[in-house]
Each structure stands twice: as C-alpha cells, then as structure tokens.
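Participant: Compute the structure for the input listed below.
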Amino acid sequence: MRPVPHSDRLPPTVFSGFAFPDDDETELEREEIVEMEYQKIDTESGSEDSSCETRVTVHQQFNQSELNDLVRDLDLPKQAAELLASTLKEKQVLDRTVKVSFFRKREELLLPYFSVENKLVYCNDIPGLLGQLGISSYDPGE
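Facilitator: As a prediction, this is how the structure comes out:
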C-alpha cells in the first residue's frame, strides 16, 4: 500500500471503527456500500482527475465452521489452534460470533465414543461417532 498525499481538499481519513455486516446482508448490498464509499471519496477530493488512486476493500471474515476447517486442514494441535484463533480475532479477521476457546474442549464431543481397557483405546460406537462427525450413512461392510 502506498502513501496518499493529503491536503486541505483531501484530509486524512479518521478511523471510526469497523463495520460488522449483518448476517442478512447480501453481496450486492456490500458492493453498493463500497460503491458509495468510492463516490464519497471522489466528491470529497473535489477532483475528477486525481493523481492518487484510492482503493476500498471489503474483507470477508471467517465464521466458526470455516475456522474449524482451517485448523483441521493445517492439522494444528489445541494450543496452536487457540493461538491462531486468538491472533485472527485480534486482527479482526474472525466473525464476532467465533469462540476462540472452542479449541480447548474440542475433543469432549468425541470422548463418549471411545473406551480404554488395559492401555488399549478403541471406538465403542462407530455409527454414533460417524454421525457426530457429520457422516449420516455407515455400512460396516465397506
């Protein structure tokens, strides 16, 4: 990103916080907001032929399931997953509904499907485990 020269006609932008889009907001509405921002910048600059180029970008934030998929794809352990989520939350890349602490107890949903006997760990309910993981059909013959 290159510096933008400021003058009386083009004062520095004052940061007023991040706008969180509503869940019902469509992509078309977001594009209209960006277009209005472009028009606002053009009218504030007062010049049709500006020597500097202004860009407005709209970043899509991660929701909980997208973050979970990323952590799984990266094969991160609990502590690394929580650190990643915390850092992304600080950088405001995550949706406000995302729970950073989700990764502390992520195995608790799966523990009931496993048993331990004499240092041997095994799955005691394969159809239930697969159902918990989102796999609806299970054929033991496969």
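
Participant: Run through the strands of this structure in chain order.
Facilitator: Ranges of strands within the chain are 114-117, 120-123, based on DSSP state E.

Participant: And this structure, split by domain according to the record?
Facilitator: 26-58, 60-105, 106-136 (automatic domain parsing).

Participant: re earlier: closest to residue 71 out of the strands of the chain?
Facilitator: Using Cβ to Cβ as the measure, strand 114-117 is the one of the strands of the chain that comes nearest residue 71, at 20.8 Å. Every residue, glycine included, has its C-beta placed from N, CA and C.

Participant: taking the mean pLDDT, what do you get for that closest one?
Facilitator: Strand 114-117 comes out with an average pLDDT of 95.

Participant: Give me the contacts around that strand.
Facilitator: 121-124 (Cβ atoms under 8 Å, 6 or more residues apart in numbering).

Participant: Which residue ranges of the protein form helices?
Facilitator: For the chain, applying DSSP state H gives helices covering 27-45, 64-74, 78-90, 126-132.

Participant: The second one vs helix 78-90, what angle?
Facilitator: Pointing back at helix 64-74 there. Put simply, helix 64-74 runs at 130 degrees to helix 78-90, going by axes from the mean of the first three to the mean of the last three Cα atoms, to 10 degrees.

Participant: Which parts of helix 64-74 count as buried, going by neighbours?
Facilitator: By 16 or more other Cβ atoms under 10 Å, the buried positions in helix 64-74 come out as 67-68, 71.
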